[in-house]
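Asker: quick one: sequence plus predicted model below, questions after.
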Amino acid sequence: MIDIGKQQPDARPVVDTHDVDEAREAIGRIFCPHFLLVDGRWKSGFHAVHDVVEEPGHSINVVSYGSAVEIDPGELSRFFLLQLPVKGSAVVRCGNDETHVAEGRTATLLSPTLSTRMRWAEGCEKLIVLLERDLVESHFENLAHERSERIEFEPAIDLTSGIGQGIFQHSLLMSGAAKDRGHFSEAYRIMLRDGLINLLLSGLSHNRKGLLQRSSPGVGPVPVQRAEDYIRANAERSITAADIAEAAGVPLRTLQDSYRKAKGQTLMEAVQDARLELLRKTLLAPSADISVADAVFSSGLGHLGRAAYAYRERYGETPSQTLRQSR
């Protein structure tokens, strides 16, 4: 099983049981109430294991049942569920679509307003990212500048495609950050969460995608400058692209396009640059007892190793070298 950190202090208790009713009740509290039926031929092998780490607006889960099971949650209602098989196979029916899920080949994205039923084969294990419905809908509204209404995805994700591989690798990054949150700042983890939502909305087929494919009007230099000022003033905080667009006073997608044309980089690349600049400023005028790790995290950067690599690429020296020279 992928280890996402059983000992995290704010993780829910791990489900680990051979009792079907206990599993149904415990996993139902984590996701939603559902029917859980075990194929009689495999009942002796039933072993439900569910690891979960809660994050702002989402959770990272690893789930397996050991034996073949049928799961019927109906409509999920309050969340989208990205299910990525890491072992074995399953058949997932969502709305009118049936998807044959298999490790390395196919995954699914379940929409909250579509009825769902699943059959997991013996030995199936999935990495599951739960995304709160309100968060996804809010992200869509910021991108499209339209009410979200019902967002319903085509459930099948081809993991051999470019977008499928991107979603899978991005989810693994989120799982790693959840596992070792002591080395990943909240700002970084929120950036990963929003990046996944953007991948799903922009890269997968859904009933509202046409609104995202319309050309967006450009804006003048004032909103772009407002965005830049906001990024520099708030780089160390857990800011999102939607926060930047609100500060700039224009729709997110409009700002994204205009900022890219004006500055040659995305909003989140600009945030990363501002955080690196803040890190350098801190290292050049350090307090007496500050460490490189303290400086990295106080600058809003997510991971010590990645921050050190990006810093060296930009400034030609490591953060440790800068700190030593400044003392």
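Answerer: That came through fine. Numbering: from 1, shown residues only.
Asker: which residue ranges form the helices in the protein?
Answerer: Ranges of helices in the chain, per DSSP state H, are 20-30, 133-144, 162-179, 186-203, 209-212, 221-234, 241-248, 252-263, 267-284, 292-298, 304-315, 319-326.
Asker: of all those, which lies closest to residue 126?
Answerer: Smallest distance to residue 126 across the helices of the chain (Cβ to Cβ): 10.7 Å, for helix 162-179. Yep, even glycine has a C-beta here, placed from its N, CA and C like the rest.
Asker: how far does that closest one sit from the chain's center?
Answerer: How far helix 162-179 lies from its chain's middle: 8 Å, per Cα atoms, centre = their mean, to the nearest Å.
Asker: how about that helix as CSV, C-alpha atoms only?
Answerer: Taking Å, rounded to 0.1, in the frame of the first residue of the first chain, the C-alpha atoms of helix 162-179 are listed here in CSV:
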residue,chain,number,x,y,z
GLY,A,162,-0.5,13.2,-21.5
ILE,A,163,-3.2,14.7,-19.4
GLY,A,164,-3.8,11.3,-17.6
GLN,A,165,-0.1,11.0,-16.8
GLY,A,166,0.0,14.6,-15.6
ILE,A,167,-3.0,14.0,-13.3
PHE,A,168,-1.5,10.8,-11.9
GLN,A,169,2.0,12.3,-11.2
HIS,A,170,0.4,15.4,-9.7
SER,A,171,-1.7,13.3,-7.4
LEU,A,172,1.5,11.4,-6.3
LEU,A,173,3.1,14.8,-5.4
MET,A,174,0.0,15.6,-3.3
SER,A,175,0.2,12.3,-1.6
GLY,A,176,3.9,12.8,-0.8
ALA,A,177,3.2,16.3,0.6
ALA,A,178,0.4,14.9,2.8
LYS,A,179,2.7,12.1,4.0
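Asker: still on that earlier bit, tell me which of the helices of the chain approaches residue 152 most closely.
Answerer: Nearest of those to residue 152, taken as Cβ to Cβ: helix 209-212 at 10.6 Å.
Asker: does that closest one pack against any helices or strands, and if so which?
Answerer: Judged by 3 or more Cβ pairs under 8 Å, 6 or more residues apart in numbering; DSSP states H and E, the packing partners of helix 209-212 are helix 133-144, helix 186-203.
Asker: nearest to residue 244, out of those?
Answerer: helix 133-144 (10.1 Å).
Asker: hmm, who's touching the closest one?
Answerer: Helix 133-144 has contacts (Cβ atoms under 8 Å, 6 or more residues apart in numbering) with 57-58, 77-80, 112, 146-148, 151, 194, 197-198, 200-202, 208, 211-212, 241-242, 245, 251-253.
Asker: return the set of buried residues in that helix.
Answerer: Neighbour-count burial for helix 133-144 flags 133, 135-144 (criterion: 16 or more other Cβ atoms under 10 Å).
Asker: columns distance to residue 167 and pLDDT on top of those residues, output as a markdown table?
Answerer: Converted to a markdown table, the buried residues of helix 133-144 look like this (distance: Cβ to Cβ, whole Å; pLDDT from 0 to 100):
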| residue | distance to residue 167 | pLDDT |
| --- | --- | --- |
| 133 | 18 | 97 |
| 135 | 17 | 94 |
| 136 | 14 | 95 |
| 137 | 19 | 94 |
| 138 | 20 | 90 |
| 139 | 15 | 87 |
| 140 | 17 | 90 |
| 141 | 22 | 86 |
| 142 | 20 | 81 |
| 143 | 17 | 81 |
| 144 | 20 | 77 |
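Asker: worst mean pLDDT among the helices of the chain?
Answerer: If you rank those by mean pLDDT, helix 209-212 sits at the bottom with a mean of 84.
Asker: now that one - C-alpha only, CSV.
Answerer: Output in CSV follows, covering the C-alpha atoms of helix 209-212 (Å, rounded to 0.1, in the frame of the first residue of the first chain):
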residue,chain,number,x,y,z
LYS,A,209,-15.9,23.0,-20.7
GLY,A,210,-17.2,25.1,-23.6
LEU,A,211,-17.2,28.1,-21.3
LEU,A,212,-13.5,27.7,-20.6
